[in-house]
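[1] Predicted model and sequence below, questions to follow.
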Amino acid sequence: MSTNSVNRIIKFCYLIPFFFLIKPDYFSYLGAFSSIYNLGFILFFALIVCKEFFLIKKRKSISKITLLVILIIIYPFIVSVFYGVEINQAIYIPLIQTLGIALLLEIGVQERFNECLSALALLLEIYIYINFLSIILFPNGLYNADFYSGNYWFLGYKNVMIRFILPGVCINFISAVCRKEKHTFRICILCAIAIASLIMVDNKTGIIGLAIIIISAILFSKKKLPRFINLRNTLIIIGIISVLLGTTSLLSEFSPILKSMGETVSVMSRQAVWFRAIQMFMKNPLFGYGLRSGDQYRKLINLSTGWGYFSHPHNYILFTLIQGGIIVVLLIVVLFICLSRTYIEHQNNYGCKMLIFMYLGFFVMGITESLTGATLLYPLAILMDGMKNRKIEYNFRIKNKKVILKWGG
């Protein structure tokens, strides 16, 4: 059997568990298929945990980035258990999905990085295309969910689908350069489809986050990032903005910008929920309130806008603070410091740069979004461990002023 055939088989072996761990919202509304899918999900999660324990026992160590990611994932759950929160499916399923993705990526980084990365890129690419098709065929929504009528497509509600699209585009950029050392025609088409999808569902915050990735991928394909552009500085700035928006009149100045970004909640209501989140944090600053379902947080926040109660504060930093308090924020800060240091040590590594861009995009969206359901957000940091020891560089050059675009990658 040829090497290429073996690599394809290994890629398929990663693709299957990724399929069961990265769950589109639509898979929750398919009756018998949903039940079978959930069984497969539990089975593969158990296999991945066993495999990871075997590898850790064999290596007798675990990387700092992986350990931080795992702690960030499970700490809010530990807080929930400590406070006696009723653990229902809305809590433990996303938790297990996120943890499973993290462990599978850790296995892939240690054993077959290229095949793992390629499988993840392919699955997310397929999801983006299917989601676009669902928008085309069902412009008013593919199905009705519990909270909103319509406006749900293959990857979920318009504000949720970006949690798949943003990492999907980022990982496909990395995969293309990893394999072809350039931006292929295939990634160009994927970017166009991703942008069109967000425009058609009127997700302006998603467009901004995606634009950050695409523009940065083009501008800094060969250039190093300026020193002031790093995850630590961005996180601090977003945190300061979040507190100021909730406690001062600054939000009124940003009102036209928020409306242009598609925010339909009034300025007064938005500031009210941000201020409520700050109050909640001040009452329990160290530990937070743990993982809770949307209904549980609606009761806890207890703030109505007239159309319904808030299930989250519509801000990434504030939502993180009320979930896990200062402890989980410190873990996140340490994680992003590690990622920034890794990038500084490997500034020519295209993959490391793209991960930085992805998190910058998420942070900017996090000013007005809690980033709920972003199961890929923290696990993808583990890829940094795999990329730092590999040469992933953009080396495309125009020869004889002729450019030939190929579908490859």
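    Sure, I can see it.

[2] Asn395: neighbouring residues, count only.
    Neighbours of Asn395 under the rule other CB atoms under 10 Å: 12. For every residue, glycine as well, the C-beta is placed using N, CA and C.

[3] how close does it get to Lys223?
    Taking CB to CB, to the nearest Å as the measure, Asn395 falls 14 Å from Lys223.

[4] Who are the packing partners of the helix or strand hosting Ala102?
    Assigned by DSSP states H and E, Ala102 belongs to helix 89-111. Secondary-structure packing of helix 89-111 (3 or more CB pairs under 8 Å, 6 or more residues apart in numbering; DSSP states H and E): helix 3-21, helix 32-59, helix 64-82, helix 113-137, helix 383-387.

[5] Would you mark the buried spots in it?
    91, 93-110 (16 or more other CB atoms under 10 Å).

[6] Point out the most buried one among the helices and strands packed on helix 89-111.
    Mean neighbour count, computed with mean count of other CB atoms under 10 Å, is highest for helix 383-387 among the helices and strands packed on helix 89-111, reaching a mean of 23.

[7] Any idea how many residues pack against Ile236?
    12.

[8] Can you tell me the element it falls in?
    helix 231-247.

[9] Buried residues of that helix, list them for me.
    Leu231, Thr234, Leu235, Ile238, Gly239, Ile241, Ser242, Val243, Leu245, Gly246.

[10] repeat for stretch 202-221
    Buried residues in stretch 202-221, counted by 16+ other CB under 10 Å: 203-210, 212-214, 216-217, 220-221.

[11] Run through the residues that contact the closest residue in space to Arg390 that isn't next to it in sequence.
    Leaving aside its sequence neighbours, Arg390 sits nearest to Phe113 (CB to CB, 6 or more residues apart in numbering; 6.8 Å). Residues in contact with Phe113 (CB atoms under 8 Å, 6 or more residues apart in numbering) are Gly386, Met387, Arg390.

[12] Correct me if wrong: the second one contacts Gly351.
    Read that as Met387. Yes: if you go by CB atoms under 8 Å, Met387 and Gly351 touch, sitting 3.8 Å apart.

[13] where do the contact lists of these two overlap?
    Common neighbours of Met387 and Gly351 (criterion: CB under 8 Å, 6+ apart): Ile174.

[14] Run the chain-centre distance for the helix or strand harbouring Thr342.
    Assigned by DSSP H and E, Thr342 falls within helix 316-345. For helix 316-345, the separation from the chain centroid amounts to 14 Å (computed by CA atoms, centre = their mean, to the nearest Å).

[15] how about the residue nearest to Phe41 when sequence neighbours are not counted, what does it touch?
    Here the nearest residue to Phe41 in space, its sequence neighbours aside, is Phe20; by CB to CB, 6+ apart that works out to 4.5 Å. Contacts for Phe20 (CB under 8 Å, 6+ apart) come out as Tyr37, Gly40, Phe41, Leu43, Phe44, Phe45.

[16] if we can go back for a sec, ok, the buried residues of stretch 202-221 vs Ile171, which is closest?
    For the buried residues of stretch 202-221, the closest approach to Ile171 (CB to CB) belongs to Ile213, at 10.5 Å.

[17] Can I take it that Leu360 is in a helix?
    Yes: assessed by DSSP: H, G, I helix; E, B strand; the rest coil, Leu360 belongs to a helix.

[18] So what's the residue count around Gly31?
    Neighbourhood size, Gly31 [other CB under 10 Å]: 7.

[19] any idea how far Phe138 is from Tyr129?
    15 Å.

[20] how about the strands in the stretch 151-300 of the chain?
    Assignment of strands within the stretch 151-300 of the chain using DSSP state E, counting those that start in this stretch yields the ranges 152-153, 156-157.

[21] For Leu123, find the nearest of those strands.
    That would be strand 156-157 among the strands of the stretch 151-300 of the chain, by CB to CB, at 16.0 Å.

[22] name the helices or strands packed onto that closest one?
    Using 3+ CB pairs under 8 Å, 6+ apart as the contact test, no helix or strand touches strand 156-157.

[23] quick one: strands adjacent to that strand?
    strand 152-153 (antiparallel) (DSSP bridges).

[24] And the contacts of the partner strand?
    The contact list for strand 152-153 (CB under 8 Å, 6+ apart) reads 25-26, 131, 134-135, 138, 141-145, 161, 201.

[25] Who wins on neighbours among the residues you listed?
    Among the contacts of strand 152-153, the one with the most neighbours (other CB under 10 Å) is Met161, at 30 neighbours.

[26] distance of it from Thr66?
    Separation of Met161 from Thr66 (CB to CB) stands at 28 Å.

[27] and what of Lys391?
    The gap separating Lys391 from Thr66 is 22 Å, by CB to CB.

[28] May I ask which helix or strand of the chain has the lowest mean pLDDT?
    The weakest-scoring helix or strand in the chain, judged by mean pLDDT, DSSP states H and E, is helix 250-260 (a mean of 58).

[29] Mean confidence (pLDDT) on stretch 372-382, please.
    Here stretch 372-382 scores 90 as its mean pLDDT.

[30] Endpoints of that stretch, how far apart?
    Taking CA to CA, to the nearest Å, the first and last residues of stretch 372-382 lie 20 Å apart.

[31] neighbouring contacts of that stretch?
    21-22, 63, 65-66, 68-69, 72-73, 94, 97-98, 101-102, 105-106, 109, 156, 160, 163-164, 167, 170-171, 312, 319, 335, 339, 355, 358, 362, 371.

[32] distance of the residue lying closest to Leu30 once chain neighbours are set aside from Tyr127?
    The shortest distance from Leu30 to any residue other than its chain neighbours is 7.7 Å, reached at Tyr37 (CB to CB, 6+ apart). From Tyr37 across to Tyr127, the span is 14 Å (CB to CB).
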